[in-house]
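>>> Sequence below, structure please.
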Amino acid sequence: MAKTTPSDVLKMLADAFEAPPGSIGPDTQRDEIAGWDSMGALALMAELDERFGITLTADESKKLRSVADVLALLKRNDALAE
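Presented below is the predicted three-dimensional model:
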């Protein structure tokens, strides 16, 4: 599986949460992203599964509190390029 870059992850998150490009950074918290609600969380779970084969439970999804958490998840699953 091809690895993704942090900048590609930020673009993916902006798309998933219907946020303006460039409005999401590594330090952005979940509560700062209007689209990261229950439907946004489902969109994120679907993206992670489709793009990286990472399947999250609802509880695991709730533990993602920031963009940095998503990046760390990808790194742990060997899906993030350095």
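>>> what are the ranges of the helices in this structure?
Secondary structure of the chain (DSSP state H): helices at 6-16, 38-52, 58-62, 67-76.
>>> Now tabulate those helices in JSON lines and tack on mean pLDDT.
As requested, those are exported to JSON lines (pLDDT from 0 to 100):
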{"stretch": "helix 6-16", "mean pLDDT": "95"}
{"stretch": "helix 38-52", "mean pLDDT": "94"}
{"stretch": "helix 58-62", "mean pLDDT": "92"}
{"stretch": "helix 67-76", "mean pLDDT": "97"}
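>>> so which of the ones you listed comes closest to residue 29?
helix 67-76 (7.9 Å; CB to CB). To be clear about C-beta, it is placed using only N, CA and C from the backbone, and glycine gets the same treatment.
>>> And the residue nearest the centre of the protein?
Among the residues of the chain, the one closest to the centroid is residue 70, at 4.6 Å (CA atoms, centre = their mean).
>>> Let me see the contact set for that residue.
9, 13, 44, 64 (CB atoms under 8 Å, 6 or more residues apart in numbering).
>>> Output the residues you listed in CSV; the columns should cover distance to residue 53 and neighbour count.
CSV is the format used below for the contacts of residue 70 (distance: CB to CB, whole Å; neighbours: other CB atoms under 10 Å):
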residue, distance to residue 53, neighbour count
9, 15, 23
13, 18, 24
44, 15, 20
64, 17, 19
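>>> Right, I'll call it a day here.
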